[in-house]
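Trainee: Fold the following and give me the result.
(chains A, B, C and D)
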There are 2 protein chains.
Amino acid sequence: MRSTSRGPGQRAGLTRADVLTAARTLLAEGGIEALSMRSLARRLGVAPNTLYSYVRSKTELLDEVLDGVLAEVHAPEADTPDPVAGISALMTSTYTVLLGHPDLVPVFLARQGARGANAVRLGEILDTLLRRAGVDESDVGQARRVLIVHAIGSAAFAAVGPDGERPLAPADVTAQFTRGLGWLLVGITAGSSPPGGAG
Amino acid sequence: MRSTSRGPGQRAGLTRADVLTAARTLLAEGGIEALSMRSLARRLGVAPNTLYSYVRSKTELLDEVLDGVLAEVHAPEADTPDPVAGISALMTSTYTVLLGHPDLVPVFLARQGARGANAVRLGEILDTLLRRAGVDESDVGQARRVLIVHAIGSAAFAAVGPDGERPLAPADVTAQFTRGLGWLLVGITAGSSPPGGAG
DNA sequence: TTGCAAACTGTACACCGTCCAGTTAAATTG
DNA sequence: CAATTTAACTGGACGGTGTACAGTTTGCAA
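Mentor: Numbers count the residues shown, from 1 in each chain, chains lettered A, B, ... in the order given. This next block holds a predicted model:
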């Protein structure tokens, strides 16, 4: 923990994983504003610059951490019996996970939902389910984005405001999310061919 | 423009409106990152502290400016013949205005869409139109929020990313917004009993 | 004419991300 | 084994940020 206990050249024995883990801890403990390169370095007992041996920039670090959050999302199997129920479950899980990290949500939005491995994986599952639900191929991409916008956007509205005040009760926002998801699914699947046998 | 040309006590003759106007100009010229208390003061030829005579904090200033942006939204009359078309027009105008201020969108999100006079006004019109479209009274609030989430969220996805790169072509995002809006309107106006969303 | 609130400056605090120039330990090579 | 390269790490700095405190001066009201 002492940063004065080591001179230049002396190693602290860090790994990239250490840095990312510490970043997540800091985030969980004090929210986004508790995560600065300096506070992170302080916690690792290291000079701020050291972090740049493991991470190109704070942006890259944030991207990594954000995608890690998406690992918590519980995705249904792509061949789950009822695709529409699967979509609903997937989006609801995404929304719930985001709710667990309120101040990350605006950061997510600013990055269009992150582009890491987990994001890609979830996106592919969603696409598959949409196709299986009979959504026209030309509509799949738009439907995916609309659903993601709804999940992240709803989560953003549930997050604490600038003054730490919470303008809407979380239960209300969740009800709104669920309702909106239902509406969207009605609209998206309206006039689509039945899932049938050939798919 | 010279900050050294005036000693303590000498007045610059500013008004609150001057400050807000300069803030909007700065924003229009260089985006959100060009608007700092210091750059604003520099432009007004004044010391940074001076601004705190007109504004409680940067947050308050931002709130004011954000609500001002919403004044650009073209809202239909509340008694327009076709309420559903009215909702569509209102949301599309909102979306378009937001697109014109890309880097403000994340700020909007972080503030749950601003709470100023213009936001309230638009919200009331939207509520009226929803009721006239036959939406159940108990659903009006949720429908309003879902629509707002969709508009702001879609705009956020169209905004430039962290590296200034634009991952999606604006035309595509607009198509996605329009499509999603259509789906939502179908769902919202499709009877008042809850649809089969398994969430 | 006096008094006072409001407008304004100087200075400072505590941060921020990140760059540059070292120093030293470990890994690699001969 | 010795020599050399590479990677981890520090000190210090640069140029920014929002904003608090204490002091000056101005214009207006009493």
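Trainee: A:Leu66 contacts A:Leu109, doesn't it?
Mentor: No: counting by CB atoms under 8 Å, A:Leu66 does not reach A:Leu109; the two are 10.8 Å apart. Bear in mind the C-beta positions are built from the backbone N, C-alpha and C, glycine included.
Trainee: Specify which residue of those two has the higher count of neighbours.
Mentor: Using other CB atoms under 10 Å in any protein chain shown as the criterion, A:Leu66 and A:Leu109 rank with A:Leu109 on top: 24 against 21.
Trainee: OK, contacts around that one?
Mentor: With CB atoms under 8 Å, 6 or more residues apart in numbering or on different chains as the criterion, the residues that contact A:Leu109 are A:Ile152, A:Gly153, A:Ala156, B:Val105, B:Pro106, B:Leu109, B:Gly153, B:Ala156.
Trainee: Check the spacing between the closest residue in space to A:Ala133 that isn't next to it in sequence and A:Leu129 real quick.
Mentor: Once flanking residues are discounted, A:Ala133 sits nearest to A:Pro83: 4.3 Å by CB to CB, 6 or more residues apart in numbering or on different chains. For A:Pro83, the distance to A:Leu129 (CB to CB, to the nearest Å) stands at 5 Å.
Trainee: of those two, who's got more company?
Mentor: A count of neighbours by other CB under 10 Å puts A:Leu129 above the other of A:Pro83 and A:Leu129, at 28 against 22.
Trainee: does that one really touch A:Ser88, like I thought?
Mentor: No: using CB under 8 Å as the test, A:Leu129 is too far from A:Ser88 to be in contact (9.5 Å).
Trainee: Taking the centroid of chain A, which residue is nearest it?
Mentor: For chain A, the residue sitting closest to the mean C-alpha position, by CA atoms, centre = their mean, is A:Leu70 at 4.4 Å.
Trainee: Confirm for me that that one is in contact with A:Ser93.
Mentor: No: counting by CB under 8 Å, A:Leu70 does not reach A:Ser93; the two are 10.2 Å apart.
Trainee: Could you pull up phi and psi at A:Val173?
Mentor: phi -70, psi -40 (degrees, to the nearest 10).
Trainee: How about A:Gln10?
Mentor: Main-chain torsions, A:Gln10, degrees, to the nearest 10: phi -60, psi 140.
Trainee: so how far is A:Met37 from it?
Mentor: 20 Å.
Trainee: Which one's more surrounded, these two?
Mentor: Neighbours were counted for A:Gln10 and for A:Met37 using other CB under 10 Å; A:Met37 has more, 17 against 8.
Trainee: ok, the more buried one to DNA strand C distance?
Mentor: As judged by CB to the nearest atom of the strand, to the nearest Å, A:Met37 and DNA strand C stand 4 Å apart.
Trainee: Is any residue of the longest helix seen in chain A near chain B?
Mentor: Ranked by residue count under DSSP state H, the longest helix found in chain A is helix A:137-158. Yes: contact between helix A:137-158 and chain B, assessed by CB under 8 Å from any CB of the partner chain, occurs at A:139, A:141-143, A:145-146, A:149-150, A:152-154, A:156-157.
Trainee: Report pLDDT for the nearest residue to A:Asp67 once chain neighbours are set aside.
Mentor: Nearest in space to A:Asp67, with sequence neighbours left out and distances taken as CB to CB, 6+ apart, is A:Gly116 at 2.8 Å. Looking at A:Gly116, its pLDDT is 82.
Trainee: I'd assumed A:Asp63 was in contact with A:Gly116.
Mentor: Yes: counting by CB under 8 Å, A:Gly116 does reach A:Asp63; the two are 6.5 Å apart.
Trainee: To what extent is A:Ala34 buried, counted in neighbours?
Mentor: 15.
Trainee: So it is in contact with A:Leu27, correct?
Mentor: Yes: using CB under 8 Å, A:Ala34 is in contact with A:Leu27, at 7.0 Å.
Trainee: got the residues of chain A near DNA strand D?
Mentor: A:3-4, A:6-14, A:41, A:45-50, A:53-54 (CB under 7 Å from any atom of the strand).
Trainee: At which residues are the helices of chain A located?
Mentor: Under DSSP H, chain A gives helices at A:16-30, A:37-44, A:58-70, A:83-99, A:104-110, A:117-132, A:137-158, A:170-189.
Trainee: The fifth one: how far from the chain's middle?
Mentor: In this view, helix A:104-110 has its centroid 8 Å away from the chain centroid, taken as CA atoms, centre = their mean, to the nearest Å.
Trainee: try the second one
Mentor: Going by CA atoms, centre = their mean, the spacing between the C-alpha centre of helix A:37-44 and its chain's C-alpha centre is 23 Å.
Trainee: likewise the last one?
Mentor: What separates the centre of helix A:170-189 from the centre of its chain is 19 Å, taken as CA atoms, centre = their mean.
Trainee: Are the worst-scoring helix or strand of chain A on mean pLDDT and DNA strand C in contact anywhere?
Mentor: In chain A, the helix or strand scored least confidently by mean pLDDT, DSSP states H and E is helix A:104-110, which has a mean of 79. No: using CB under 7 Å from any atom of the strand, we find that helix A:104-110 stays clear of DNA strand C, coming within 12.3 Å at best.
Trainee: Smallest gap between chain A and DNA strand C, at which residue?
Mentor: For chain A and DNA strand C, the shortest gap (CB to the nearest atom of the strand) falls at A:Gly9, measuring 2.0 Å.
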